[in-house]
Every structure is written in C-alpha cells, then in structure tokens.
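J.: Model the structure of this input:
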Amino acid sequence: MTKTKRTFLGALAAFGLSLAAGGPAAAQPVERTFEGSYAVIARGIDAGDFNYRFHQSGSTYEATASREMKGWIGAALRRSQDYNYSVRGVVAEDGSLRPSAYQHQGGRRRDDRPNGRLVRANFSASDVTTSSVPAGMGMGDPPATAAQRRGVIDQISAIAAMVTATGDPCARTLRIYMDGRSRFDFVMQPNGRVNVNSRAYQGPGVRCRVQFNPIAGFSDPQEAATLNFVFAQTSSGMWAPITIEMPTDGVGVVRLEAKRLSFNGQRLR
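T.: Purely as a prediction, here's the structure:
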C-alpha cells in the first residue's frame, strides 16, 4: 500500500467514515424526554395544576398534558377548565416540530357529557381539520380561515418547540392553533438574563418578551398582550420553561410556574 493511500484511509478513519460501510457512520437516533409539573396562576391566584410530558424518539415525537383547576375555583368553574391533551408528530430535519394528530377532552359543563367534549385536529402541510364528539363545536367568531391555519402548530407542540429550541429560545415567532380552533401568534424576543429562584430551579435564566397576537377562532373577545417567559438552559441541551403564560377561553391568560422539572429522567435543580 502506498503512503498516499495509507494517509487517505487514516483521514477517513479520523472522521468516523468506513469504506466497508460505503459512507458515513449511521447517526445515533435521538431519544429525549421532558417532564414538568406547574402551578396554574389565574388572576393572581394559585388555581390549579398543569402536568406535561414530551418524548422524542428519532424523528417522531409525542406529548401529553393535563390541566385541573382545584379548590373553590375548580368548583366555581364546574370543571369547565379541566382538560387532558395529547399530540403526536414528526421532527423535521431543521429540528422544527410538525404535529400530525392532536386531541383534547374536557370542559365538563353538562351532565350528559361527564368526560367533556372530545376534540380532534388533523394537521397537514396546508390545513388543519377539526372534528368533535359530540358534534356541533363552535369554531369562534370569526373562525380561522384556511390561510390562517396553514403552517401552524398546536399549543402542546408549542411548549415542546420552546423546550427543544436550538440557539436562543426567545428569538422566534410561533404560529399556534390552540384547541383545534383558536389562532394566535407568539412573537418572542430576548429580554435579558435573570437569576431564577423558583421551586423547580435556582440559577441563571433568560427572559423573553412575548407579544400575544390573537387572530381568530376565540369564543370570547381577546386583546393583544405582552407576556413574559423565563427559561433555563439544561445540561441536556434542552431549555427548561420556568415560567410561561398561555391564553385560555374562559379565564384569560394564565401563568404556569414550574414546581418540578426533569430532562431525560434527571431532575433539574
């Protein structure tokens, strides 16, 4: 073997390439999880619990969440703000999340609907179609148009998109289609660094200034508002949502404050 050929093979080996395999070594599949437990702060009151779980395996992901209002607030609302959510989808090559099937059940308001209405939304590249059981779900006033539904993600995937962001989690706009009906944008901008002292985490964090822009599909009138999110970067490379705010159809914007967070099975401290 000539010296030139030995040098070429050594260079290939240095870059983890194999002639026998016919090309680059196979990339290791991505496997990662995030779990979070949050207090729901509504109108300044600790009003409920929000639990969230995200799991990515290779190029697919799934996420589940639940929201339960507690105490006299839950009773006063007659469980109308209690929901269970789930979504599954794919992770694009650029790392963005693309939901395919979303559903939620809850909003118990009537005795003949003990578990609440079941709502399903199917996402395609160009539109979102929504169905419900029982049928007859209102689509807001005005309802979102097909153009407004194009290129959106659901609110459960939106949380996962924040968690898995590459680079600054605050430098982006999320086009969100909440609950298979309500359309809004989160326009996120960096807003400095902060020292976090919360139940879930103590240490440095980043703050986002978030413009909530309601677009269509709400049953109650919504006004634009400036929100504040706080994240902490973890050793896993994912971002921990310490504080996030989300609109609701019923009790306005609620703040989620982290009580316990874990990444890939390891608790954040």
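J.: ranges for the helices of the stretch 151-269 of the chain?
T.: 155-163 (DSSP state H, counting those that start in this stretch).
J.: same question, the stretch 1-150 of the chain
T.: Using DSSP H, counting those that start in this stretch, helices in the stretch 1-150 of the chain cover 3-14, 71-76, 146-149.
J.: Among these, which one carries the weakest average confidence?
T.: In terms of average pLDDT, helix 3-14 trails the rest of those, at a mean of 40.
J.: Now do the same contact list for the nearest residue to residue 106 once chain neighbours are set aside.
T.: Distances taken as C-beta to C-beta, 6 or more residues apart in numbering place residue 83 nearest to residue 106, at 3.3 Å, with adjacent residues excluded. All C-beta atoms are positioned from the backbone trio N, CA, C, and that covers glycine. Neighbouring residues of residue 83 by C-beta atoms under 8 Å, 6 or more residues apart in numbering: 66, 67, 104, 105, 106, 107, 116.
J.: Run a quick neighbour tally on the last one.
T.: A total of 18 residues lie near residue 116 under the criterion other C-beta atoms under 10 Å.
J.: Surely it and residue 85 touch.
T.: No. At 11.8 Å, residue 116 does not count as touching residue 85 under the criterion of C-beta atoms under 8 Å.
J.: Wait, residue 87 touches residue 98, no?
T.: No. Taking contacts as C-beta under 8 Å, residue 87 lies outside contact range of residue 98: 10.7 Å.
J.: When the two are compared, which one has more neighbours?
T.: residue 87 (26 against 15).
J.: which residue packs closest to that one, ignoring adjacent ones?
T.: Using C-beta to C-beta, 6+ apart, the nearest residue to residue 87 is residue 102, at 4.3 Å.
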